[in-house]
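J.: Give me a model of this one.
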Amino acid sequence: MHFHCTQCRHHFCSGCYSVFHAKNKCPHPGCPIKRSLHAHHPRDCLFYLRDWDVLRLQRLLQDNRVVFNTDPPAGTRATTGGGCQVMEQKETMAGLKDEPCGKETQAGYAGLCQAHYKEYLVNLINSYSLDPAVLYSLQEVELVWQRCLPAAQLPPRGPAEDDETYAGRLIKKLMDEVDLGPKIPRRQKTDARGLH
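T.: Sure thing, here's the model as predicted:
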């Protein structure tokens, strides 16, 4: 997630491309975590969605009729020793080396380990501009609200509002006022004529 350029030393998130800020270098006024190395990830960044379980990520896709793989690609077969075959750059005593991930794969994860399967699902979620907020619990939306809108007062709960209704109102307001990550690659939307 945290990458840095070996030439210019730029630190960024591989999920949303947000800049990592060094201690006390954050340009966001009132940032509550400015005393640590951090980035301001949007709510649809892999940084947060990697903590969701696979079924929840799949549900977000299914609810939006987005097809995803659960079987390995046609024509592929398990390799000797098994393991996830996604190539990764690994640090060795001799320097950096490209090698397969090698972590255990599970049935229903398209031949990938759990981490790479989640990354695949989040990539689909991002490419279709799906907002994870629609599945937030009340506790989650309150936490995201504090993170995304720290200066804004959390709207008070109505006297007869239950958790689900209050959460729904907060989610709608969050989705209306805070955009998804602007730098995350997304599919181009087309109009009725097929133009971007």
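
J.: Give me the distance between L130 and W52.
T.: Distance, L130 to W52, by CB to CB, to the nearest Å: 12 Å. All C-beta atoms are positioned from the backbone trio N, CA, C, and that covers glycine.

J.: Settle it for me: which of the two has more neighbours?
T.: When L130 and W52 are compared for neighbours, L130 comes out ahead with 21 against 18, by other CB atoms under 10 Å.

J.: Quickly note the distance from that one to L60.
T.: Counting by CB to CB - L130 and L60 are separated by 6 Å.

J.: Mutual contacts of these two, please.
T.: Shared contacts of L130 and L60 (CB atoms under 8 Å, 6 or more residues apart in numbering): none.

J.: Can you show me the helices along the protein?
T.: 46-49, 54-63, 114-127, 138-148, 163-177 (DSSP state H).

J.: now for the shortest one, which elements pack on it?
T.: For helix 46-49, the elements it packs on are helix 114-127, judged by 3 or more CB pairs under 8 Å, 6 or more residues apart in numbering; DSSP states H and E.

J.: Helix 54-63 and the helix it packs on, what's the angle between them?
T.: Helix 114-127 runs at 30 degrees relative to helix 54-63, counting by axes from the mean of the first three to the mean of the last three CA atoms, to 10 degrees.

J.: So what's the gap between helix 114-127 and the chain middle?
T.: With CA atoms, centre = their mean, to the nearest Å as the basis, helix 114-127 stands 8 Å off its chain's centre.
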